[in-house]
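sequence unavailable; structure follows:
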């Protein structure tokens with residue numbers, strides 16, 4: 001009997017030891033997992049004041065240690081979480097987004113991103129950024145990006161008087177695309193006509209100075225580009241009207257304008273200064289001003305309903 005009792009005691013002790021080992025292992029594993037979790041950015045962000053959902057979004061979006069560390073070094077700001085959920089967010093602009101939003105609290109996050117991306121948080125002509133002339137048909141010229149004084153477009157060719165008033169020119173690629181667009185419009189009973197196109201630096205200077213002399217600098221900057229900042233100097237921009245309807249005040253109501261809005265992208269042209277986008281382009285609505293960027297880019301802009309300034313900031317500069 002004593003041997004049996006001894007065996008039972010040994011067995012019970014073995015079971016107790018086994019249980020202790022199992023419990024200890026579980027506790028140890030939990031402690032280890034908890035320790036490991038405390039080292040994660042998700043945990044650190046929660047400790048910093050973000051909720052679990054916000055922390056997960058920040059970690060999933062940024063991924064990079066350097067950026068996440070920089071988030072932890074600043075005060076909790078849930079505006080950052082709102083910003084990164086917008087499609088056109090560019091991380092290098094984060095400080096400018098936050099600064100602009102802080103000063104313009106009623107502006108939507110979407111508009112904050114668009115405004116900063118296209119440099120509208122700066123005064124016009126304040127930056128004077130040399131544009132990248134190597135981009136060809138995607139060159140950006142506006143109130144922030146300027147052309148070199150000696151810039152001249154390559155392959156400039158005359159636009160036939162069948163499609164334009166005499167003396168107008170474009171780059172050959174843009175000219176060929178315009179002719180294709182003109183023929184398609186003609187097949188639908190619309191006769192397009194170009195009344196302004198390529199202007200060299202001296203001509204643009206005369207145009208701007210004439211408006212400035214008659215209406216003042218503020219009005220000149222609103223409706224025209226300063227020398228070196230005009231798309232017309234690239235040979236890629238044209239002012240297009242319809243034969244018999246060439247008034248800037250009424251062209252927007254014409255069938256030709258409606259046709260261009262719906263079809264120009266199929267030939268590589270974009271409406272450069274659309275209505276309700278003045279706060280991004282810096283120019284008043286110009287239903288007649290069309291710019292050649294190529295079919296692929298024009299179609300993407302059309303589908304996403306964005307200006308060229310927005311496209312350039314996100315798809316070109318941001319990807320460089």
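Noted; the coordinates are in hand. This is a predicted model, so every value here is computed, not measured.

just checking, residue 256 touches residue 244?
No - judged on C-beta atoms under 8 Å, residue 256 makes no contact with residue 244 at a distance of 9.5 Å. Where you see a C-beta, it was placed from the backbone N, CA and C, and this is true even at glycine.

more neighbours: which of these two?
residue 256 (23 against 9; other C-beta atoms under 10 Å).

and residue 209, how far from residue 202?
11 Å (C-beta to C-beta, to the nearest Å).

mind checking which of those two has more residues around it?
residue 209 (14 against 9).

what helix or strand is the more buried one on?
helix 201-215 (DSSP states H and E).

in that helix, which residues are buried?
201, 204, 207-208, 211-212 (16 or more other C-beta atoms under 10 Å).

what about that helix, distance to the chain center?
Relative to the centre of its chain, helix 201-215 is centred 30 Å away, using C-alpha atoms, centre = their mean, to the nearest Å.

try stretch 140-153
For stretch 140-153, the distance to the chain centre is 20 Å (C-alpha atoms, centre = their mean).

go ahead and name everything in contact with that stretch.
With C-beta atoms under 8 Å, 6 or more residues apart in numbering as the test, stretch 140-153 has contacts from 119, 122, 124-133, 171, 198, 200-201, 221, 225-226, 228-231, 233-236, 281-282, 308-309, 312, 316.

among those, which are located in strands?
Counting by DSSP state E, the members of the contacts of stretch 140-153 that fall within strands are 129-130, 171.

quick one: buried ones out of those?
Members of the ones in strands among the contacts of stretch 140-153 classed as buried by 16+ other C-beta under 10 Å are residue 171.

could I get the ones in strands among the contacts of stretch 140-153 as CSV with distance to residue 63?
Compiled in CSV, the ones in strands among the contacts of stretch 140-153 are given as follows (distance: C-beta to C-beta, whole Å):
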residue, distance to residue 63
129, 30
130, 33
171, 42
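
now flag whichever of the ones in strands among the contacts of stretch 140-153 is closest to residue 73.
Here the nearest of the ones in strands among the contacts of stretch 140-153 to residue 73, counting by C-beta to C-beta, is residue 129; it sits at 29.5 Å.

where does pLDDT dip in this protein?
1-35 (pLDDT under 70).

show me where it has helices.
2-38, 41-47, 52-62, 65-73, 78-84, 94-103, 109-117, 172-187, 201-215, 217-223, 255-263, 278-281, 295-304, 308-311 (DSSP state H).

contacts for the third one?
Residues external to helix 52-62 that are found in contact with it (C-beta under 8 Å, 6+ apart): 40-43, 45-46, 50, 68, 71, 78, 80-81, 84-85, 91.

between it and helix 65-73, how many degrees?
On the basis of axes from the mean of the first three to the mean of the last three C-alpha atoms, to 10 degrees, helix 52-62 is oriented at 150 degrees to helix 65-73.
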